[in-house]
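> What shape does this take:
(chains A, B and C)
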Amino acid sequence: MYDSHIQILDSLNDAQRAAVTAEAGNRLVLAGAGSGKTRVLVHRIAWLIQVDGVRPWSLLAVTFTNKAAREMRTRIEAILGEPVGGMWVGTFHGLAHRFLRAHWNDAKLPQQFQILDADDQFRMIKRMLKSLNLDEARWPPRVVQGFINRHKDNGLRASHLDSGGDVIQQRMIQLYQEYQQLCERAGAVDFAELLLRTHEVLRDRPDLLHHYRERFQHILVDEFQDTNAIQYAWLRLLSGDADNLFLVGDDDQSIYGWRGARVENIQNFPLDYPNTQILRLEQNYRSTGNILDAANALIANNPTRLGKNLWTRQGTGEPIRRYVAFNEVDEARFVVERIRHFCQDQGLCRSDCAILYRTTAQSRLFEESLIQAELPYRVYGGQRFFERLEIKDSLAYLRLVSNPDDDAAFERVINLPARGIGPRTVDVLRAQARETGSSLWRSALAVLSTATLPTRASGALRRFVELITQMQQGRDGADERELPDLFQDVIQATGLPAHYEKAKDGKGIERLENLEQLVEAARRFAAEAPADDLLASFLAHAALEAGEAEADDHVDSVQLMTLHSAKGLEFHTVFITGIEEGLFPHGMSIGEPARLEEERRLCYVGMTRAREQLYLTYAESRRMHGREDYPMPSRFFRELPPELLEEVRASGVSRAGRVSKKSAAAANARANPVALAGGFYLGQQVVHPKFGQGVVLNGEGSGSSARIQVNFESAGMKWLVLTYARLKTIE
DNA sequence: GATTTCCTTATTAAG
DNA sequence: TAAGGAAATC
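Numbering: from 1, shown residues only, chains lettered A, B, ... in the order given. Below you'll find the predicted structure:
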């Protein structure tokens, strides 16, 4: 027992220790940036299990991302030295999904219910609008989707809403209702529905609620400031009056209000639960004193906060540096030049340097500069694996195999690849489905049994139905070993590989590789996660965990990302760029105090990512949306103590104006050739018979699979397989 | 059914 | 400016 005390508490400071060893009761741990938040959560759980003798089975730990959930489990097991079974650790959505799978019957869902991701939901809404003959310009699918999700996030059904006589509102409510019916018919559950449905079942079933309340003696929540209304309601319901909530979060790092998070949840928690003990973790282990002082000063401008002041035992460190760029090109040039200098002359790793920006569009300038400087880089937040077109297409087939009533999947692949089932035929199916209130699949079967369709269409439809039926037979009796085989067979039978190969978007090879990866993912899943219905659980896994957003490369690279994706990370040197009124704070947020405060918190998050060096830059002129802007420096500069800031003087070069990027790249390439693939080198000028003139930017592979990426002047960025592309070089 | 042209729009993004 | 979507056209 004593040994476990030492092991768990040894490395903690007093505040962390107080949180870890707190007696049962509602605790709100305000964990500042870099104060060891995850560590407290992990050690708290270890403490409960090892010292208080709490059974893992009675613990519930909730996070926002799968990554955080995995990390938590791994770290707990590392401390305890053994796997902890029975503990529920996961995301709100993951746990809700688990609950609904266990209680599908009580939730009035089909056992094979499918999860719709945001994209599926969007498509479904679009189809619905079309079938109702509504003009998308007047009823934008995005807006309808936002309406539905916002209300679900707030725990409201269409029947709870009142139009107040407003015609538009009235129609929105009707669309919400209609959409929900479509979901029920298809046995589909969107992300917000997972939470809402779980909440309703628990609320309406005292016996189930009692069971889970008895079971979960301790509820621990990470990033509590990011919870939305339904998530908070769910926590309250589950906790009852047990006073067993251990919440960790930081109201100053709440940056997701726009997707439903309510800072009020954390700010008002002590009012909702007056017996709450608040613990503050204010010692920061990451940044220098100057960085923390500046961040503290900035965030002090937010009137509504619980209040917290970060401090460190480390020295003051270097001043924060500000660079006023001539324009956005100069800004990128400056940042990249500094990074090159740090890496070459001061021995920093490229991955120690992060370039942060408010909007994704800003990344391009930096990428171009980095390419010119020949510095490898990595952009966070690209498309994720399970979101790729070819993956979603294939999964749609598998979804039909698992549940043929899945209308979203049905519509996606009914004519993909093209098999002669046109809009006319699909319209007939839709009409039939609406009339009989059944799924498209059933409607197809019904239509085929009558002579409604022309012979040609009917033949095509019959072949499609047979195709799916055949796939279903292939699935029957499939066990763990066969899941990858099933995937392989289904993918082949769809004809999708040939379809992608034919497409001339230059992505054919990549798509085929991804399909192979999908089979590989099925293989791993079958080996690691045995379940009674492997296919269904794989599909759920694909929806709930879309995979990593950043390309994993092993090369040491400069890190590029939005301020939002930087949350939770840290770097030796951080550049926050584009700090201008209208861009940061963003124009859409200025004018609304609550949103402006969130922009300020975002800036605070960005600043506290830096360990040693922090650079803040803005441009006096910026080309945006095709016009030249002359933005004001951001108000955030005025909120920083001037004595902590050091101005970096512009070098003469920066004032030279806009240098032609093409000529600079070409000059660089001639002086310093970097071989890429098939004898082409970086920056080389080439001519394509169809696309015209362009510059070589990237390359990979060799022999017949060698391909290069070319930025064409008129045709834009293309990947070209050298075997096919008849490229000429220009000297 | 694919390709071209026109038109609109322009934060942030996990599950 | 440029990207993405939808109508228009081959």
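> Quick check, pLDDT for whatever residue of chain A ends up closest to DNA strand C.
For chain A, the residue closest to DNA strand C is residue A:626, as judged by C-beta to the nearest atom of the strand, at 2.7 Å. The way it works is simple: take the backbone N, C-alpha and C, and place the C-beta from them, glycine included. pLDDT recorded at residue A:626 is 87.
> same question, residue A:140
91.
> What spatial separation is found between it and residue A:129?
Here the criterion is C-beta to C-beta, to the nearest Å. By it, residue A:140 lies 9 Å from residue A:129.
> if you skip the residues just before and after it, what's nearest to residue A:387?
residue A:546 (5.3 Å; C-beta to C-beta, 6 or more residues apart in numbering).
> helix/strand/coil for the one you found?
At residue A:546 the chain is in coil, as set by DSSP: H, G, I helix; E, B strand; the rest coil.
> which ones are touching residue A:393?
A:412-413, A:416, A:494, A:496 (C-beta atoms under 8 Å, 6 or more residues apart in numbering).
> what's the lowest-pLDDT member of the residues you listed?
Taking the contacts of residue A:393 together, the minimum pLDDT is found at residue A:416 (87).
> neighbour-wise, which of residue A:140 and residue A:129 wins?
residue A:129 (20 against 14; other C-beta atoms under 10 Å).
> list the contacts for residue A:637?
Counting by C-beta under 8 Å, 6+ apart, residue A:637 touches A:322, A:579, A:616, A:618, A:645.
> Run through the residues that contact the residue nearest to residue A:415 when sequence neighbours are not counted.
Once flanking residues are discounted, residue A:415 sits nearest to residue A:421: 4.5 Å by C-beta to C-beta, 6+ apart. Contacts for residue A:421 (C-beta under 8 Å, 6+ apart) come out as A:414-415, A:457, A:460-461, A:464.
> Check the burial of residue A:373 by counting its neighbours.
If we define neighbours as other C-beta under 10 Å, then residue A:373 has 16 of them.
> Quick check: phi and psi on it?
Phi and psi for residue A:373, reported as degrees, to the nearest 10, are phi -80, psi 0.
> do the same with the one 4 residues further on
Here is the backbone geometry of residue A:377 (degrees, to the nearest 10): phi -140, psi 170.
> From residue A:228, how far out is it?
From residue A:377 to residue A:228 the distance is 34 Å (C-beta to C-beta).
> picking that back up, out of the contacts of residue A:637, which are inside strands?
When DSSP state E is applied, the contacts of residue A:637 are split such that A:322, A:616, A:618, A:645 fall in strands.
> mind giving me the domain split of chain A?
Here the domain parsing of chain A from automatic domain parsing is A:2-101+A:196-283, A:116-186, A:295-384+A:549-646, A:386-525, A:658-729.
> ok, of the contacts of residue A:637, which come out buried?
With burial judged by 16 or more other C-beta atoms under 10 Å, the buried subset of these is A:322, A:579, A:616, A:618, A:645.
> and the residues you listed as TSV, adding distance to DNA strand C?
Compiled in TSV, the buried ones among the contacts of residue A:637 are given as follows (distance: C-beta to the nearest atom of the strand, whole Å):
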residue	distance to DNA strand C
A:322	28
A:579	22
A:616	26
A:618	20
A:645	33
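> ok, and of those residues, which contact DNA strand B?
Applying C-beta under 7 Å from any atom of the strand, the subset of these adjacent to DNA strand B is empty.
> Would you reformat those as TSV and include distance to residue A:634?
As requested, the buried ones among the contacts of residue A:637 are arranged in TSV below (distance: C-beta to C-beta, whole Å):
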residue	distance to residue A:634
A:322	11
A:579	4
A:616	9
A:618	7
A:645	13
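> Just the closest of those residues to DNA strand B, please.
Distance to DNA strand B across these (C-beta to the nearest atom of the strand) is lowest for residue A:579, with 14.0 Å.
> For that closest one, give me the pLDDT.
The predicted local confidence for residue A:579 is 98.
> Ok, the one 10 residues further on next?
At residue A:589, the predicted lDDT confidence score is 95.
> Using the three-state scheme, assign it.
Residue A:589 - assigned by three-state DSSP - is coil.
> Skipping adjacent residues, who's closest to it in space?
Closest residue to residue A:589 apart from its sequence neighbours, by C-beta to C-beta, 6+ apart: residue A:595 at 3.9 Å.
> need the contact list for that neighbour.
For residue A:595, the contact set (C-beta under 8 Å, 6+ apart) comprises A:257-258, A:588-589.
> could you pick out which of the residues you listed are near DNA strand B?
By C-beta under 7 Å from any atom of the strand, the members of the contacts of residue A:595 lying near DNA strand B are A:258, A:588-589.
> Let me know the closest of those residues to residue A:265.
Residue A:265 has its nearest neighbour among those in residue A:258, at 15.4 Å by C-beta to C-beta.
> so which of the contacts of residue A:393 are also by DNA strand C?
Within those, nothing lies near DNA strand C by C-beta under 7 Å from any atom of the strand.
> CSV for the residues you listed, including neighbour count?
Formatted as CSV, the contacts of residue A:393 follow (neighbours: other C-beta atoms under 10 Å):
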residue, neighbour count
A:412, 20
A:413, 22
A:416, 16
A:494, 22
A:496, 22
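> buried set for the helix or strand containing residue A:151?
Following DSSP states H and E, one finds residue A:151 within helix A:141-153. Residues of helix A:141-153 classed as buried: A:141, A:144-145, A:147-149, A:151-153 (neighbour count, 16+ other C-beta under 10 Å).
> Let's have these in a markdown table, adding distance to residue A:440.
Conversion of the buried residues of helix A:141-153 to a markdown table gives the following (distance: C-beta to C-beta, whole Å):
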| residue | distance to residue A:440 |
| --- | --- |
| A:141 | 19 |
| A:144 | 21 |
| A:145 | 21 |
| A:147 | 25 |
| A:148 | 21 |
| A:149 | 24 |
| A:151 | 27 |
| A:152 | 24 |
| A:153 | 29 |
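> filter the residues you listed by proximity to DNA strand B?
Among the buried residues of helix A:141-153, proximity to DNA strand B is found for residue A:149 (C-beta under 7 Å from any atom of the strand).
> ok, the buried residues of helix A:141-153 vs residue A:687, which is closest?
Using C-beta to C-beta, those come closest to residue A:687 at residue A:141, 41.6 Å.
> Report the separation between the closest one and residue A:313.
For residue A:141, the distance to residue A:313 (C-beta to C-beta) stands at 53 Å.
> Is residue A:686 located within a helix, as I assumed?
No. Residue A:686 sits outside any helix when classified using three-state DSSP, being strand.
> among the ones next to DNA strand B among the contacts of residue A:595, who's most crowded?
Counting neighbours by other C-beta under 10 Å, residue A:589 leads those with 20 neighbours.
> so what's residue A:487 up against?
Shown in contact with residue A:487 (C-beta under 8 Å, 6+ apart): A:394, A:398, A:518-519, A:522.
> for residue A:98, same thing?
A:88, A:90.
> What's the separation between it and DNA strand B?
Residue A:98 sits 11 Å away from DNA strand B, going by C-beta to the nearest atom of the strand, to the nearest Å.
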